[in-house]
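Participant: here is my input; please provide its structure:
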Amino acid sequence: MKTRAFPLAAAVWLAAATIPMIGCERPGEPEAVEAERDAQGKTHIRVDGDQVERNLEQAGENLEQAADQVQEGAQEVGEALERGAERVEAEVGPVVRDVLDDAAITAKVKATLLADPEVKAFQIDVDTIDGRVTLNGKVASNDQRLEAEKLASRTQGVREVVNLIQVAGQAPPPAPGTSR
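Facilitator: All right, here's what the predicted structure looks like:
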C-alpha cells in the first residue's frame with residue numbers, strides 16, 4: 001500500500017513547526033541580521049552571531065520536538081489501523097484485515113524512519129504487501145540505505161524487507177531475484 005500522502009503531510013507540518021529560523025524576527029528578541037542604508041545610500045549589514053546561534057539552537061529544538069510529535073502521530077495511526085483491522089475482520093473477513101495490517105506496518109516503518117536522524121525518511125517510499133516491506137527512494141550514503149533496512153526489519157509485523165533504495169551516484173540495486 002503506497003503512503004505518499006503521509007510523508008507530504010509530515011513535511012508540511014515540520015516546516016510549519018520550524019518557522020522561527022535564523023533571520024526571522026520574533027517579538028521581544030533582537031534581530032540576528034539587520035540591514036540599513038546610510039546617507040550616501042550604501043547598505044550596511046550587521047550580523048549578531050550570538051543571536052544567530054541562539055536562533056539555530058531554538059530551531060534545532062523545535063525540529064526535534066516536531067519529529068517526536070510526527071513519530072507519535074504515526075504510531076497512533078498504526079495502532080488505530082490495527083484496531084480497525086480487528087473490527088473489520090470480525091465483520092467482513094480476513095482479506096480486508098490484511099490490507100489494514102499492511103497499512104499499519106507501513107505507518108510504523110515510516111514513523112521509525114522519521115525518528116532516526118541519520119535516515120532521510122522523506123526520500124524513502126514504504127510499500128507493504130502481506131507483511132513484505134519494500135523500500136524505494138534515494139539516499140546519500142550506503143550507511144543510510146542499510147540503516148533504513150535495519151529499522152524496517154525490526155518493525156513489528158514485518159516479515160521481509162526488500163531494499164531497493166538507491167545510493168546517490170551509484171547504480172540502482174538489482175531487483176529481487178536477479179543478480180548483476
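Participant: tell me which stretches of this structure form strands.
Facilitator: Counting by DSSP state E, one finds strands in the chain at the ranges 33-37, 43-47, 124-129, 132-139, 160-167.
Participant: in the protein, which helix or strand is least confident?
Facilitator: helix 5-17 (a mean of 51; mean pLDDT, DSSP states H and E).
Participant: quick revisit: of all the strands of the chain, which lies closest to Lys150?
Facilitator: strand 160-167 (8.7 Å; Cβ to Cβ). In short, each C-beta sits where N, CA and C put it, glycine included.
Participant: could you list the buried residues of the closest one?
Facilitator: Buried residues in strand 160-167, counted by 16 or more other Cβ atoms under 10 Å: 161-167.
Participant: nearest to Gly137, of those?
Facilitator: Nearest to Gly137 among those, with distances taken as Cβ to Cβ, is Ile165, at 5.4 Å.
Participant: ok, the closest residue to the closest one other than its chain neighbours to Phe122 distance?
Facilitator: In this structure, Ile165 finds its nearest non-sequential neighbour in Arg145, 4.6 Å apart by Cβ to Cβ, 6 or more residues apart in numbering. Going from Arg145 to Phe122 by Cβ to Cβ, to the nearest Å gives 15 Å.
Participant: who's more crowded, these two?
Facilitator: Neighbour count, other Cβ atoms under 10 Å: between Arg145 and Phe122, Arg145 has more, with 23 against 14.
Participant: would you mind measuring from the more buried one to Lys138?
Facilitator: Distance, Arg145 to Lys138, using Cβ to Cβ: 9 Å.
Participant: so what's in contact with the two at the same time?
Facilitator: Residues touching both Arg145 and Lys138 (Cβ atoms under 8 Å, 6 or more residues apart in numbering): 165-167.
Participant: Ala152 against Lys110, yeah?
Facilitator: No. Counting by Cβ atoms under 8 Å, Ala152 sits too far from Lys110 to count as a contact (9.4 Å).
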